[in-house]
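Peer 1: Dropping the sequence and predicted coords here.
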Amino acid sequence: MTDTDTGTSRKAPPTATFTSRDPATGRPLADHPVHGPEDVAPAVERGRAAGARWAALPAARRRGHLLSWKRLLAAELDAVAASVAAETGKPLQDAELEVLLTLEHLSWAARNAGRVLRRRRVRTGLPASNQAASVVHRPLGVVGVIGPWNYPVYTPMGSIGYALAAGNAVVFKPSEYTPGTGVLLARLFDAAVPDFAGLFTVVTGAAETGAALAASGVDKLAFTGSPGTARKVMEVCARSLTPFLAECGGKDAVLVTADADLDAAADAVVWGALGNAGQTCAGVERVYAVRAVHAQLCDRVVERARLLRPGTGPDAAYGPMTMPGQSDVVRRHVDAALAAGAGAPLGDTDASASPEPSDSAKPPGGPFVAPVVLVDVPEDCPAMTEETFGPTVAINAVADVDEAVRRANASRYALGAAVFCGSRREGAAIASRLRAGAVSVNSVLGFAAVPALPFGGSGDSGFGRIHGAEGLRGFTAPQSVTVRRFAPPVDLTSFATPAAAKARAVALTRWLHTRR
Ligand code: NAD
């Protein structure tokens, strides 16, 4: 085990530490300091100083520095992916894919921030025609980022990379399950951008450290995690009116029409539901298939899911539940669905009900959960209403697309969704009826690989956006500027203008507005 250095400037090292562990075995990985307010405050202070210099750079210089960081992350991909795999338990290939996607996003943010945020002239309208008007997006200062463990690089970097590209400093608190990955990101930043020590720092710890960051006076707090925690963090932010971004959970639905390619839909449902052991905010948790194809779709999903095994070896399709206790949540959701009359063509909790005990065993306990496919699940079961965050999927039959849309939209979550449909045009039309922040047609999670697309949800999935132009602008404050070019014929903002002239201006403007 090693003690890690997070790069925060402290007078005395904190005495308390916590241990990160391999979720598959419980084996200790490293000790990390528990940072409190006395550690967070100097990190924010250093960020403020470095951030002022960073914000003053021309956008092209910031782009150059961020691309250096991106190149170093690419060169160190093996180390970053190994850290992700060790701390989350996910297969190395999944970790590599996560880092690759992050590189695309960082590259896009670095290359596009100048264009998206630069000063833009706007029309003034008649009463202000003597003015030149423009709007520019200024950095906020220091952005606090609190991250989750399920994609410990890709997810927080949606805030970190975009906030830095927009000209801010960042203080990042990674999940207590994945602190080493956060520390590594900051270490590589310092190596790639040595002139800006303190611009991006990491503080480690659990809830108390996150609460200290939320209360530290940062200029925005970007949170990713569960809606319950979001409420607590937002409450702390509310005390100082610190702006807050909430990227929370999901209960994403896939809609399957009668003319959909069922093999493609089944393949995508299995990957979207079981990949990363189902621990994906925009993973597939519910499927609504029109009755005519429901049975066929279920057969094809089960056929594929049956072949997948959780584990740690090279044959494992996915790893353990990263968080101790999550297996119990999955079990509770599955048991409640079965008790309410749902079927389980795969993963029945009653092993005796199936002739193939090895395939149909109840989630075996411990951190590994075998795939579970549920059908005909009553809509009020937790498996349909709460985020399960496990390798399960519920596939229900619906009369038609209208019912599928209605049921998909009935969730208190609204993050992602997918539509499988024979016609791309019809699929896009269905997508526009869904209450979701992002929708993929004929794929799942298609939007996650497109950096130009904003990402985020509504309801219990949170608010605000990361990624894309909206994600960059979210880490800025728009500043509007007018420059008077010449004296107006009638100055409406002067006590010196005669009342009769003002009255003529009012009459003229009223006439113009009543014409159309
Ligand atoms: P969590 O809510 O338990 O923790 C998230 C972070 O908040 C962690 O860093 C944690 O230490 C910190 N935290 C906990 N209590 C806090 C408090 N009182 N004050 C300040 N910080 C506190 O979530 P998790 O288990 O780490 O992540 C899983 C959740 O994240 C799921 O709901 C998942 O859907 C969601 N998620 C959302 C997205 C998205 O982009 N919408 C992406 C990934 C994960």
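Peer 2: All right, it came through fine. This structure is a prediction, so every number in the text was calculated from the model and none was measured.
Peer 1: what about stretch 164-184 and the ligand, any contact?
Peer 2: Yes: using Cβ under 6 Å from any ligand atom, we find that stretch 164-184 touches the ligand at K173, S175, E176. C-beta here means a position set from N, CA and C on the backbone, and glycine is covered the same way.
Peer 1: For those, pick the one with the most neighbours.
Peer 2: Neighbour counts for the residues of stretch 164-184 next to the ligand (other Cβ atoms under 10 Å) peak at K173, which has 29 neighbours.
Peer 1: with the residues of stretch 164-184 next to the ligand in mind, which one is nearest to V334?
Peer 2: Of all the residues of stretch 164-184 next to the ligand, V334 sits closest to S175, with 25.4 Å by Cβ to Cβ.
Peer 1: on that earlier part again, so which of the residues of stretch 164-184 next to the ligand comes closest to the ligand?
Peer 2: Nearest to the ligand among the residues of stretch 164-184 next to the ligand, counting by Cβ to the nearest ligand atom, is S175 at 4.1 Å.
Peer 1: Look at the closest one and report its pLDDT.
Peer 2: Predicted confidence (pLDDT) for S175: 98.
Peer 1: circling back: quick one: which of the residues of stretch 164-184 next to the ligand sit in strands?
Peer 2: K173 (DSSP state E).
Peer 1: Around R71, count how many other residues there are.
Peer 2: With other Cβ under 10 Å as criterion, R71 counts 13.
Peer 1: so which helix or strand takes in it?
Peer 2: helix 59-75 (DSSP states H and E).
Peer 1: Check which helices and strands the next helix-or-strand element following that helix sits against.
Peer 2: For helix 59-75, the following helix or strand on the C-terminal side (DSSP H and E) is helix 77-88. If contacts are counted by 3 or more Cβ pairs under 8 Å, 6 or more residues apart in numbering; DSSP states H and E, helix 77-88 sits against helix 92-117, helix 179-192.
Peer 1: could you redo the last one with a cut-off of 10 Å?
Peer 2: strand 17-21, strand 28-33, helix 59-75, helix 92-117, helix 179-192 (3 or more Cβ pairs under 10 Å, 6 or more residues apart in numbering; DSSP states H and E).
Peer 1: For R300, find the nearest of the ones you listed.
Peer 2: Closest among those, once you apply Cβ to Cβ, is helix 92-117, at 23.0 Å.
Peer 1: Could you tell me the angle between the direction of that closest one and that of helix 77-88?
Peer 2: With axes from the mean of the first three to the mean of the last three Cα atoms, to 10 degrees applied, the angle from helix 92-117 to helix 77-88 works out at 110 degrees.
Peer 1: Got phi/psi on the residue of the stretch 51-200 of the chain found nearest the ligand?
Peer 2: For the stretch 51-200 of the chain and the ligand, the shortest gap (Cβ to the nearest ligand atom) falls at P148, measuring 3.1 Å. With angles defined as degrees, to the nearest 10, P148 sits at phi -100, psi -180.
Peer 1: ok, it to L100 distance?
Peer 2: Taking Cβ to Cβ, to the nearest Å as the measure, P148 falls 19 Å from L100.
Peer 1: now G125
Peer 2: Taking Cβ to Cβ, one finds G125 at 47 Å from L100.
Peer 1: The two: which is more packed in?
Peer 2: Just comparing G125 and L100: by other Cβ under 10 Å the higher neighbour count belongs to L100, 14 against 9.
Peer 1: Which residues are in contact with the closest residue to that one other than its chain neighbours?
Peer 2: Once flanking residues are discounted, L100 sits nearest to L77: 7.6 Å by Cβ to Cβ, 6 or more residues apart in numbering. Contact analysis of L77 by Cβ atoms under 10 Å, 6 or more residues apart in numbering lists A95, E96, V99, L100, T102, L103.
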